[in-house]
Structures are given as structure tokens and as C-alpha cells.
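**Q** here is a sequence with its predicted model. Questions after.
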Amino acid sequence: MFQSNTFKDQVVLVTGGRSGIGFQIAKDMLQLGAKVIICSRKEAPLKEAAEKLSEFGVVDYQACDIRNTEEIQALAAMIKEKHGRLDVLVNNAGGQFPVLAEYLNDKGWNAVINNNLNGTFYMIREMANAFFIPQKQGNIVNIIADMHRGFPGMIHTGAARAGVENITKTLAQEWSDFNIRINCVAPGIIESSGLDTYPQPVQDMFAEAKKAIPLKRFGDVKDISNAVAFLASPLASYITGISLYVDGAQHLNYDKMGMPNVLKSFLNP
Ligand SMILES: CCCCCCCCC/C=C/C(=O)SCCNC(=O)CCNC(=O)[C@H](O)C(C)(C)COP(=O)(O)OP(=O)(O)OC[C@H]1O[C@@H](n2cnc3c(N)ncnc32)[C@H](O)[C@@H]1OP(=O)(O)O
Ligand SMILES: NC(=O)C1=CN([C@@H]2O[C@H](COP(=O)(O)OP(=O)(O)OC[C@H]3O[C@@H](n4cnc5c(N)ncnc54)[C@H](OP(=O)(O)O)[C@@H]3O)[C@@H](O)[C@H]2O)C=CC1
């Protein structure tokens, strides 16, 4: 258990904090003493999530598409006005869809690269310039995915998340002079709202998929938020530039649940 004052008076931004994993990260941060800002694209569910989270502490929200630099700058301005600083950035916003590489068109490829790679970089750059570099203090945790051995069935996200992992290694070195730590959390398959977005044949595979995970279960959102809290906390003060796989050792197991075969069985382009 973390002490309830672990993040006391720290200001934490969680992208995609309206749902699933991001919501749990925001809730935990509030319960550990932080002031939290959540952002995502859809204003109405964002507001609703902020209302729920306000039970646990001080929470602000602002609609922001991480692919849009102007919207990110407006978010930074709001945070500066309300809080004057930012201590932790959790890049959780993202998503993709299952597809076989040969059927993925430019638009679909670009949509996922823009979201998961470009959007994450824009957010890191803007928040570092607005807060972390001038403060000479900052902490970034990037949620990536289990793409250790490639990502059959989701080539776009595998490439994007590998890019974020490499950004993390680069900035752990470039920005060490600014006392900025940056790490990744790589979730395996997590029981969250995100899984509902997968087509039924993929969901039908999930029970079978658990057998291929050494710990024989999917993770839950708390497994991820615990890892994020650890990496963002002083307990991890000598850790930067790493990826922490929170996946029941799934990344050591090459069999991606036979997913390409499942996709071939229902994809009919
Ligand atoms: C297999 C292994 C499983 C493995 C099993 C499970 C592994 C779990 C690991 C990971 C789990 C998670 O991440 S769970 C989290 C999942 N959550 C999400 O994915 C939610 C957020 N997702 C999104 O917002 C979207 O998927 C994303 C594409 C990234 C962004 O969308 P945009 O709004 O930018 O773009 P859109 O307008 O929707 O789409 C742009 C184009 O992308 C393509 N496109 C978009 N959605 C598409 C779809 N469902 N199927 C085909 N193509 C699609 C089309 O070409 C679209 O153009 P048109 O044709 O012209 O429209
Ligand atoms: N669940 C799982 O098994 C795994 C999840 N992940 C990753 O973890 C993260 C959270 O996933 P999870 O909670 O399960 O899924 P959700 O779909 O519930 O969460 C995705 C969140 O990101 C937001 N978002 C997406 N695109 C953008 C954007 N361009 N700008 C701002 N916000 C955006 C969404 O809000 P809105 O639509 O309103 O913008 C939503 O709140 C995602 O990056 C996901 O890919 C990685 C591995 C496994």
C-alpha cells in the first residue's frame, strides 16, 4: 500500500482519464493526495467522470485531443492558471483496432500512429516546455502495450508503442539534466472498457487467451494503476527509461493467442 500522502499537493495530468485504466489512475492519484486533471476528446463523458472523481479530491477536466498541439497548449494554460505547476504526466490516451497488415490502408495506419505515437510525443513536448523543463522537475509515465515480440493483428499500435518506448529511452537521457524521469508501463490484456471495443470474434477468443498467459488471468485496471503510482512516486526515484511489463509474463510467450488466424476467420475485406 502507498501512503495516503504519497502525492500530496502534487499536480497530476492523466490523458484519457475519463474511462477504464485512466479513470483508475486518476482515482488512485486523488486518493494518494494529488490534484488531478483529466482530458479526453469527448466532453460529456469527461465531465461525468470528473464529477465521479470529485468525491475523492480536487479534479479538473478539459476536452483535449492529444493529436492537436493547440488544444494541448490550451490545456497547459488552464493547468498553469489553476495550479501554477505540473508534477506528473500520465500518457494513457490511445487506442487502435484489430486488422491484418495487408488490409490496413493509409488512413487507418495514420489514425493509429497519430494517436498513439504523435499524440503522445506532442503531449510530452508541450508539458515539458510549459512545466517540467522550467521547473527542473517532472515525471512522465507512458502507457504502451505488450509489443515486446511484435504485435500480430495490430501492427500499427505495435509500431506506435515501440516508438513511444524509444522516445522514453531517449528522453531519460536528454532530459536527465532537468531532473525529469520518464518510464513506460506495458499492460498485457486488462479487463477494462477498452476491451469492449473489440469485435465479438476477438472477444470470444479471450477465455482461450487466458490459458496462454503464464499467470492464467487478465489484469485489472488496479494492476496498471499500481504500477503507474510506483513509477511516479519517490519509491522509483532511481528508475528512468524503463518499460515495466504488467502482463502476467505474457510478453515472454510468443503465442499471441493465434490472433492472426482469428482475424482471418472473420475479416472479409
Ligand atoms: C488482434 C489482436 C487483438 C488482441 C486482443 C486484445 C489486446 C489488448 C491490447 C490492447 C487493448 C487496448 O488498447 S483497449 C483500448 C481500446 N480503446 C480504443 O481503441 C478506443 C480509442 N480508439 C480510437 O479512438 C480509434 O480506434 C482510433 C483509430 C485510434 C482513432 O480513431 P479516429 O477518430 O482518429 O479515426 P476514425 O475516424 O475512427 O478512423 C480513421 C480510420 O481508421 C480506420 N479504422 C478505424 N477504426 C477501425 C476499425 N474498427 N476497423 C477497421 N478500420 C478502422 C479506418 O480506415 C478509418 O477511416 P474510415 O474508414 O474512413 O472511417
Ligand atoms: N485494456 C487493455 O487491455 C490495454 C490497454 N492499453 C492502452 O491503455 C490505454 C487505456 O485503455 P483502456 O482504458 O483500456 O481503454 P479506453 O478505450 O477506455 O480508454 C482510452 C481513453 O483514451 C481517450 N483517448 C483516445 N484517443 C484520444 C485522443 N486522441 N485524445 C485524447 N484522448 C483520447 C479516450 O477518450 P475519448 O474517446 O473521449 O477521447 C479514452 O478515455 C490506451 O492507450 C490503451 O490502448 C494497452 C494495452 C492493453
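**A** Done, it's in. Residues are numbered from 1 along each chain as shown. Ligands and ions are numbered 1, 2, ... in the order given.

**Q** going forward, measure contacts and count neighbours with C-alpha atoms only.
**A** Will do.

**Q** and stretch 166-176, what's its mean pLDDT?
**A** Mean pLDDT, stretch 166-176: 98.

**Q** typo on my end, it should be stretch 213-220
**A** Mean predicted lDDT for stretch 213-220 stands at 94.

**Q** oh, and call the first residue 13 from now on, that's how I've got it
**A** Renumbered: residue one is now 13, and that last one reads stretch 225-232.

**Q** measure it end to end?
**A** Stretch 225-232 has an end-to-end distance of 14 Å (CA to CA, to the nearest Å).

**Q** swap in stretch 104-116?
**A** Stretch 104-116 has an end-to-end distance of 24 Å (CA to CA).

**Q** so for that stretch, what gets flagged as buried?
**A** The neighbour-count check on stretch 104-116 (16 or more other CA atoms under 10 Å) flags 104-106, 108, 110-112, 116 as buried.

**Q** okay, the helix ranked longest in the chain in PDB with CA atoms only?
**A** For the chain, the helix with the greatest residue count under DSSP state H is helix 167-186. Extracted C-alpha coordinates of helix 167-186, given in PDB (Å, rounded to 0.1, in the frame of the first residue of the first chain):
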ATOM      1  CA  ILE A 167       0.800  -3.800 -36.500                       C
ATOM      2  CA  HIS A 168       0.000  -0.100 -36.200                       C
ATOM      3  CA  THR A 169      -0.100   0.000 -32.500                       C
ATOM      4  CA  GLY A 170       2.900  -2.200 -32.200                       C
ATOM      5  CA  ALA A 171       4.900   0.300 -34.200                       C
ATOM      6  CA  ALA A 172       3.500   3.300 -32.400                       C
ATOM      7  CA  ARG A 173       4.100   1.900 -28.900                       C
ATOM      8  CA  ALA A 174       7.600   0.800 -29.800                       C
ATOM      9  CA  GLY A 175       8.200   4.400 -30.900                       C
ATOM     10  CA  VAL A 176       7.000   5.600 -27.500                       C
ATOM     11  CA  GLU A 177       9.200   3.100 -25.800                       C
ATOM     12  CA  ASN A 178      12.200   4.500 -27.700                       C
ATOM     13  CA  ILE A 179      11.100   8.100 -27.000                       C
ATOM     14  CA  THR A 180      11.200   7.200 -23.400                       C
ATOM     15  CA  LYS A 181      14.800   5.800 -23.600                       C
ATOM     16  CA  THR A 182      15.900   8.900 -25.400                       C
ATOM     17  CA  LEU A 183      14.400  11.400 -23.100                       C
ATOM     18  CA  ALA A 184      15.500   9.600 -19.900                       C
ATOM     19  CA  GLN A 185      18.900  10.600 -21.100                       C
ATOM     20  CA  GLU A 186      18.300  14.000 -22.800                       C
END
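
**Q** wait, does it contact ligand 2?
**A** No - judged by CA under 6 Å from any ligand atom, helix 167-186 and ligand 2 are separated, with a smallest distance of 8.2 Å.
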